[in-house]
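Peer 1: Predicted model and sequence below, questions to follow.
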Amino acid sequence: MKKITLLISGIIGGVFLLAQQKEPFMAFDSQTHNFGTIKEEDGPVTHKYIFTNTGSMPLVIKEVRASCGCTASDWTKEPVLPGNKGFVSATYNPAGRPGPFTKTVTVTSNATNSPITLRFNGTVTPRTKKPEDIYPIVLDSIRFTQNFVYFDSIYAGEVLTKKIEVWNTRKTSATLSFVNAPKHIKVTFKPSATLKPDEKGSIEFIYSAKEKNDWGYVYDNLQLAVNGQTNTNNRITVSAKIREDFRKLSPKQLENAPVLKVNEYAYDFGTVKRGEKVKHDYILTNEGKSDLIIRKKTASCGCTVAELKKNTLKPGESLPLTVEMNTENKSGEVAYTITLITNDPKNAEVILFLRGKVSQ
């Protein structure tokens, strides 16, 4: 009986080993590569990884996936017969990516050792920037370092200053001005508003959150005029995120502060037909010890409206925030947000989600 058992085991083992030998196997000469130091201005670099099919069946590469969009891939498209060689290449684009890098390429095939991860690394030395690179924005032959100014986390009542650099590439002098600068943004030109040919200068934007008298994310488009002439496309966008300043509140004041609680932060309305209106109530409750003020409510889409009967909730008071969304011209999976700005020190900004599917 023992002899029979051993004989059967040997036969099964032999069949399994034979099946293994018949499968394709991807054996790379090397699965890593070091590009060393490369120059950004020299452009993309490529390395070709060579492999051999050491199995007994044709090898087919099904997919090659790079770890980032900065890497392009190529590979042997036809089946690789046993004993033959194939390749997987990786091309790295260093443009705008100075410094060290490490990337991967994952190869999926019908080989028994699939998937295989190939790795490469190196260091990119940044190219020397030309003046055109430093001043990439062109508005009527006047070059700017940027066409936006962002005041992040400016507190109500605070005044901050930021600047952008400007370069007159014209052959004649250019006088700059803004025709619609609001009162909360003061603009100064240095060395002056008039730049001689090839002269460089700067524009300072002095932002007063008190004068703006708003909350959360806000922006203004400032219309640029060159020698008194305007173009609708020549704009500098000045944006800010205005926050209430709770930094000086005492422990006692924090203890007595309002506390916002919402019954749910995300609502899935399921599937509705296009054109139907979705309506939902989020219940807001003030669980604090002083009045809760909803300073601002903003929807991420013009198709969505959020309404409150009043903006102040007494301690212990609850109130529905009614949100209505128009699904006209919508289709597929949709998701929108409603942002609340409050005087709750721990929940000064609350984001509510509304999502679902719109069918035709």
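Peer 2: Received it, and whenever you're ready, just let me know what you need. Residues are numbered from 1 along each chain as shown.
Peer 1: Spell out which residues make up each domain of this structure.
Peer 2: Domains of the chain are assigned by automatic domain parsing as 23-125, 131-243, 251-359.
Peer 1: In a markdown table: the ones you listed, plus mean neighbour count and mean pLDDT.
Peer 2: For the C-beta atoms, the positions are set from N, CA and C on the backbone; glycine is no exception. Formatted as a markdown table, the domains of the chain follow (neighbours: other C-beta atoms under 10 Å; pLDDT from 0 to 100):
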| stretch | mean neighbour count | mean pLDDT |
| --- | --- | --- |
| domain 23-125 | 16 | 94 |
| domain 131-243 | 16 | 96 |
| domain 251-359 | 16 | 96 |
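Peer 1: Not counting its own residues, what contacts stretch 66-80?
Peer 2: 24, 44, 51, 53, 58-61, 64-65, 86-93, 97, 103-107 (C-beta atoms under 8 Å, 6 or more residues apart in numbering).
Peer 1: same thing but at 6 Å, please
Peer 2: 53, 58-61, 64, 86-93, 103-105 (C-beta atoms under 6 Å, 6 or more residues apart in numbering).
Peer 1: beta partners for the closest residue in space to Asp152 that isn't next to it in sequence?
Peer 2: Nearest residue to Asp152, sequence neighbours excluded (C-beta to C-beta, 6 or more residues apart in numbering): Lys241, at 5.7 Å. Legend: beta-bridge partners of Lys241 under DSSP bridges are Tyr217.
Peer 1: what residues are up against Lys241?
Peer 2: With C-beta under 6 Å, 6+ apart, Lys241 has these contacts: Asp152, Ser153, Tyr217.
Peer 1: Quickly note the distance from it to Tyr207.
Peer 2: Relative to Tyr207, Lys241 is positioned 11 Å away (C-beta to C-beta, to the nearest Å).
Peer 1: likewise Asn234?
Peer 2: Asn234 is 21 Å from Tyr207, by C-beta to C-beta.
Peer 1: who touches Gly62 in this structure?
Peer 2: Slight slip there: residue 62 is Lys, not Gly. Per C-beta under 6 Å, 6+ apart, neighbours of Lys62: Thr108, Ser109.
Peer 1: can you check Ser208 too?
Peer 2: Val159, His184.
Peer 1: Angles on the backbone of it, please.
Peer 2: phi -110, psi 110 (degrees, to the nearest 10).
Peer 1: go on, Pro98?
Peer 2: phi -70, psi 150.
Peer 1: would you list every one of the helices in this structure?
Peer 2: In the chain, the helices defined using DSSP state H lie at 2-22, 131-134, 209-212, 251-255.
Peer 1: what's in contact with the third one?
Peer 2: Residues outside helix 209-212 that contact it (C-beta under 6 Å, 6+ apart): Ile154, Ala156, Gly157, Glu158, Lys183, His184, Ile242.
Peer 1: Please report how far the second one lies from Val350.
Peer 2: Here the criterion is C-beta to C-beta. By it, Ala156 lies 18 Å from Val350.
Peer 1: now the last one
Peer 2: Ile242 is 16 Å from Val350, where distance means C-beta to C-beta.
Peer 1: swap in the third one?
Peer 2: Computed as C-beta to C-beta, the Gly157 to Val350 distance reads 22 Å.
Peer 1: now the fifth one
Peer 2: In this structure, Lys183 and Val350 are separated by 30 Å, where distance is defined by C-beta to C-beta.
Peer 1: Check Gly122 too.
Peer 2: On the measure of C-beta to C-beta, Gly122 and Val350 end up 45 Å apart.
Peer 1: Distance of Leu139 relative to Asp344?
Peer 2: 42 Å.
Peer 1: And for stretch 326-334, what's in contact with it?
Peer 2: Val272, Arg274, Gly275, Glu276, Lys277, Cys303, Lys357, Val358.
Peer 1: Pull the contacting residues for the third one.
Peer 2: If you count contacts by C-beta under 6 Å, 6+ apart, Gly275 has them with Glu328.
Peer 1: got it, and the second one?
Peer 2: In this structure, Arg274 makes contact with Thr327, Val358, Gln360, judged by C-beta under 6 Å, 6+ apart.
Peer 1: 7 Å instead, please
Peer 2: Taking C-beta atoms under 7 Å, 6 or more residues apart in numbering, we find Arg274 in contact with Thr327, Glu328, Lys330, Ser331, Val358, Ser359, Gln360.
Peer 1: How about the last one?
Peer 2: Taking C-beta under 7 Å, 6+ apart as the definition of contact, the neighbours of Val358 are Val272, Arg274, Thr327, Lys330, Ser331, Gly332, Val334.
Peer 1: In TSV, list these along with distance to Tyr135.
Peer 2: Shown next, in TSV, are the contacts of Val358 (distance: C-beta to C-beta, whole Å):
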residue	distance to Tyr135
Val272	49
Arg274	46
Thr327	45
Lys330	41
Ser331	42
Gly332	41
Val334	40
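Peer 1: Of all pairs in those residues, which one is the farthest apart?
Peer 2: Val272 and Gly332 (12.0 Å; C-beta to C-beta).
Peer 1: residue ranges of the strands in the stretch 51-200 of the chain, please?
Peer 2: Ranges of strands in the stretch 51-200 of the chain, per DSSP state E, counting those that start in this stretch, are 61-66, 71-75, 85-92, 99-109, 116-125, 137-139, 142-144, 148-155, 159-168, 174-178, 185-190, 194-195, 200-208.
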